[in-house]
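Student: Give me the fold of what follows.
(4 chains)
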There are 2 protein chains.
Amino acid sequence: MSAPDRTVRAKGSTRHDHIVEDIRSLIVDGCWPPGSQIPVETELAERYGVSRMTMNKALGQLAREGFLVRRKKSGTQVAQPRAESAVVAIADIRDEVRNSGRAYRFHLLARRVRAAREEDALLLGSPPGRAEVLWLQGLHLADDHPFCLETRLINPEAAEGATGQDFGDLAPGAWLLEAVPWSVASHRVRAVNATAAEARLLALPVGEACLEIVRRTQAAGAWVTGVRLLYPGSEHQLVANFGPEAGDGPVRS
Amino acid sequence: MSAPDRTVRAKGSTRHDHIVEDIRSLIVDGCWPPGSQIPVETELAERYGVSRMTMNKALGQLAREGFLVRRKKSGTQVAQPRAESAVVAIADIRDEVRNSGRAYRFHLLARRVRAAREEDALLLGSPPGRAEVLWLQGLHLADDHPFCLETRLINPEAAEGATGQDFGDLAPGAWLLEAVPWSVASHRVRAVNATAAEARLLALPVGEACLEIVRRTQAAGAWVTGVRLLYPGSEHQLVANFGPEAGDGPVRS
DNA sequence: TAGTGGTCTAGACCACTCC
DNA sequence: GAGTGGTCTAGACCACTAG
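Tutor: Predicted coordinates for the structure are as follows:
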């Protein structure tokens, strides 16, 4: 038979997706306990009535998800539970606010074009050169209540037109997405105590624990922007649901 | 030609991996700007000297990573930059300490078998039943210095043998990995101020900002364990490096 | 050395979508 | 309707590794 077998299948799912789900449930339900040997590709392919390559695709995906361990010659085993690691997703602020059913607004607090300083290294990731930077501070508001304090540096050379933008109520992050062709970034998440100035802006008691997210973005080798986001600890949390290895796709908070 | 072309290739990489890297760099370097149309599969396959399926695999991976957007009939385009979301990895505590070059040790502070209480709902994720729970508190130490305070509840019915374990210097998490066949978990990360008791145990000033990670683990429908990990904010951070969509694989802190 | 997974090919059919 | 991506197949070769 050359043509694929078009028998009824779970709606909207491909052959290998169906197989993946089937085998995953065998593992999760305990029918295939950890460490047990499972049949070789060729036998499973025959059993499911698919070609070996389709079965390989399914088993490969399960291995990437951490449910299976595959080794040549010794075959495929059900994986042992992994270390208790996980993956947490950081959502976009605007989406985050809107998903919680509140109205989103950005309010610019300050805007300056100035020479780079020593203290900027936190957001730049490298010792500051002699270049000029665009420095911004603003509040993300949820129902007009402080949700997140943003402090940002922008490299005017990499982000063309940035100095011409006033960012009055357009969040710099949103503008940059349009203006800069691509980005690779690094994140860092910490807990910090709010300083007096930060507490005032976020309407918090001084010293309140806050979640600090520092993100540095690059494009074509040059740094484009660095941002520090400060969330009140009580209002914000990162959430993830996951399977064994970190596979199943993190759920955004 | 039926056999694959075994000409020289970048060491340790497959054909489609090589193509993925090549096209990704074309995009990141700006040769293929966002929104631009790229050649159809068949032409790219010919250009790279591979079969259409191999090219499909490469383009599919780039699409999963968020670099490309593929639509039938209209073809494949370079993706526009996404929202500034990201994915952060939570590492296993022991690995985390060891990776920082310090000696790891677990020290049990308290251990109790008692009835479930209202306050346990945080770690159980559901209102407590009338069942008994195993309650533990211990410190993870890095070079004998407090690194993380762990508070844990274990369901003795789901984790057989738990009540017989004393956990004197074996972290409950490590033991559970061996004892319970599988787990699905949810995570929550917040910033909190250390209470007086927590501050004392972690050798911190009262009110110091801490990173709180709450993890609930289930197996076969029943809750197995819930744990609250408290890290001094100054000592701990979550780190991720990523491409556009959240693809490139988060790096553990 | 034999068995297993990893990868690749050429060809095919289908579903979707834009024209 | 025609072009594109999505998927599948049968067969093949290779690399690795356990016995």
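
Student: Please enumerate the strands of the stretch 51-200 of chain A.
Tutor: For the stretch 51-200 of chain A, applying DSSP state E, counting those that start in this stretch gives strands covering A:68-71, A:75-78, A:86-90, A:104-115, A:132-142, A:145-154, A:184-193.

Student: Can you say which of these is nearest to DNA strand D?
Tutor: With Cβ to the nearest atom of the strand as the measure, strand A:68-71 is the member of those nearest DNA strand D (5.3 Å). C-beta coordinates here come from the backbone N, C-alpha and C atoms, glycine included.

Student: Show me what the closest one pairs with in its sheet, parallel or antiparallel.
Tutor: Its sheet considered, strand A:68-71 pairs with strand A:75-78 (antiparallel) by DSSP bridges.

Student: Any residue of the strand it pairs with touching DNA strand D?
Tutor: No: using Cβ under 7 Å from any atom of the strand, strand A:75-78 stays clear of DNA strand D, with a minimum separation of 8.9 Å.

Student: mean confidence score for that strand?
Tutor: Per-residue pLDDT values over strand A:75-78 give a mean of 92.

Student: out of the strands of the stretch 51-200 of chain A, deepest packed?
Tutor: Ranked by mean neighbour count, the strands of the stretch 51-200 of chain A are led by strand A:86-90 with a mean of 24 (mean count of other Cβ atoms under 10 Å in any protein chain shown).

Student: What's the mean pLDDT across that one?
Tutor: Taken as a whole, strand A:86-90 has a mean pLDDT of 69.

Student: related to what we said a few turns ago, of the strands of the stretch 51-200 of chain A, give the one that comes closest to A:Thr225.
Tutor: Between A:Thr225 and the strands of the stretch 51-200 of chain A, the shortest separation by Cβ to Cβ is 4.9 Å, and it involves strand A:145-154.

Student: helices or strands up against that closest one?
Tutor: With contacts taken as 3 or more Cβ pairs under 8 Å, 6 or more residues apart in numbering or on different chains; DSSP states H and E, strand A:145-154 sits against helix A:93-99, helix A:121-124, strand A:132-142, helix A:172-179, helix A:196-202, strand A:222-232.

Student: Please name the residues that touch the nearest residue to A:Gly60 once chain neighbours are set aside.
Tutor: In space, not counting the residues next to it along the chain, A:Gly60 is nearest to A:Arg70; the distance is 7.8 Å by Cβ to Cβ, 6 or more residues apart in numbering or on different chains. Taking Cβ atoms under 8 Å, 6 or more residues apart in numbering or on different chains as the criterion, A:Arg70 is in contact with A:59-60, A:63, A:76-77.

Student: can you redo those residues as JSON lines with distance to B:Asp144?
Tutor: Putting these into JSON lines (distance: Cβ to Cβ, whole Å) gives the following:
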{"residue": "A:Leu59", "distance to B:Asp144": "45"}
{"residue": "A:Gly60", "distance to B:Asp144": "44"}
{"residue": "A:Ala63", "distance to B:Asp144": "39"}
{"residue": "A:Thr76", "distance to B:Asp144": "42"}
{"residue": "A:Gln77", "distance to B:Asp144": "38"}
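
Student: sorry, back to before: hey, least reliable of the strands of the stretch 51-200 of chain A by pLDDT?
Tutor: For the strands of the stretch 51-200 of chain A, where the average pLDDT is lowest is strand A:86-90, sitting at a mean of 69.

Student: tell me the contacts of A:Thr151?
Tutor: By Cβ under 8 Å, 6+ apart, the contact list for A:Thr151 reads A:123, A:135-137, A:227-228, A:230.

Student: Apply 6 Å and report the result again.
Tutor: Shown in contact with A:Thr151 (Cβ atoms under 6 Å, 6 or more residues apart in numbering or on different chains): A:137, A:228.

Student: how about low-confidence regions in the stretch 151-253 of chain A?
Tutor: A:181-183, A:220, A:240-253 (pLDDT under 70).

Student: go with 80
Tutor: By pLDDT under 80, the weakly predicted segments of the stretch 151-253 of chain A are A:177-185, A:218-222, A:234-253.

Student: how does chain A divide up, domain by domain?
Tutor: As assigned by automatic domain parsing, chain A contains the domains A:15-78, A:93-232.

Student: from the middle of its chain, how far away would the longest one be?
Tutor: I take that to be domain A:93-232. Relative to its chain's centre, domain A:93-232 lies at 17 Å (Cα atoms, centre = their mean, to the nearest Å).

Student: Any idea how far apart the tips of that domain sit?
Tutor: This stretch, domain A:93-232, spans 13 Å end to end (Cα to Cα, to the nearest Å).

Student: Pick the most deeply packed of the helices and strands packed on strand A:145-154.
Tutor: By mean count of other Cβ under 10 Å, the helices and strands packed on strand A:145-154 have strand A:222-232 as the most buried, with a mean of 22.
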